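> no sequence for this one, just the structure:
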């Protein structure tokens with residue numbers, strides 16, 4: 001594996017076309033009035049979270065694992081493909097899909113893996129509008145939810161019940177939050193915090209081109 005670029009060059013690439021303050025405004029929970037047309041309003045950053053701090057944590061994790069951004073992007077893409085393959089195969093076919101040349105293997109005794117439809121369309125905050133040089137799309141709406149077995153079941157069930165009652169509509173879910181006295185984006189946060197890992201359609205793109213572009 002080639003060494004990761006120094007972090008200063010990654011920071012410069014991230015903020016080359018857009019100041020970090022504007023990026024963070026797009027990535028935090030929003031009410032749709034921040035000038036960014038994106039329906040995934042639960043946000044990518046917590047209200048007080050720093051983008052560069054999160055990116056630095058990713059950088060340090062990759063260094064510890066001995067992986068680069070391209071490898072991690074491919075792993076995320078393989079998780080999405082493998083999970084969809086199993087979901088489309090049906091109850092019996094999914095067993096075959098899990099074991100016949102899987103793109104990635106999960107520890108099924110420790111983790112529950114599920115594709116949970118859409119959380120609202122997500123777009124790249126860097127305004128990418130076509131597949132990148134690695135073939136990853138800069139938009140999407142589906143996501144894969146991976147959690148440790150038995151952990152967060154109550155939170156997940158509460159979340160899914162809200163989706164069933166509202167038909168999965170984002171504005172209705174926001175209404176349900178207000179009715180229940182939950183802060184904006186709280187249900188989104190609840191499911192994310194109960195997860196071991198969340199991978200969305202946008203994850204491979206966010207790993208690869210943002211940091212590796214020329």
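Received the coordinates, thanks. In this text the structure is predicted, and so the values were computed from the model without any measurement. Numbers count the residues shown, from 1 in each chain.
> Buried residues, stretch 101-109. List them.
Of all the residues in stretch 101-109, those buried under the rule 16 or more other C-beta atoms under 10 Å are residue 106. Where C-beta positions appear, they are placed from N, C-alpha and C, glycine not excepted.
> what's in contact with that stretch?
Stretch 101-109 is contacted from outside by 75, 78, 79, 81, 82, 85, 98, 113, 146, 149, using C-beta atoms under 8 Å, 6 or more residues apart in numbering.
> tell me which of these is nearest to residue 3?
Closest approach between these and residue 3, by C-beta to C-beta: residue 75, at 18.9 Å.
> Show the average pLDDT along the strand or helix carrying that closest one.
Here residue 75 is covered by helix 69-88, with elements defined by DSSP states H and E. This predicted structure assigns helix 69-88 an average pLDDT of 88.
> Would you mind checking the contacts of stretch 101-109 for buried ones?
Among the contacts of stretch 101-109, those buried by neighbour count (16+ other C-beta under 10 Å) are 75, 79, 82, 85, 98, 113, 146.
> Quick one: the helices in the chain, in order.
Shown for the chain, the helices assigned by DSSP state H span residues 7-14, 20-27, 51-65, 69-88, 90-99, 153-166, 170-179, 186-193, 203-207, 209-212.
> any idea which of these is most buried?
Sort the helices of the chain by mean neighbour count, taking mean count of other C-beta atoms under 10 Å, and helix 203-207 sits at the top with a mean of 24.
> for that helix, what is the average pLDDT?
Rounded mean pLDDT across helix 203-207 is 84.
> tell me which strands and helices that helix is in contact with?
Taking 3 or more C-beta pairs under 8 Å, 6 or more residues apart in numbering; DSSP states H and E as the contact definition, the neighbouring helices and strands of helix 203-207 are helix 69-88.
> which secondary structure elements does the helix it packs on contact?
Against helix 69-88 (3+ C-beta pairs under 8 Å, 6+ apart) you get helix 90-99, strand 111-123, strand 139-148, strand 197-200, helix 203-207, helix 209-212.
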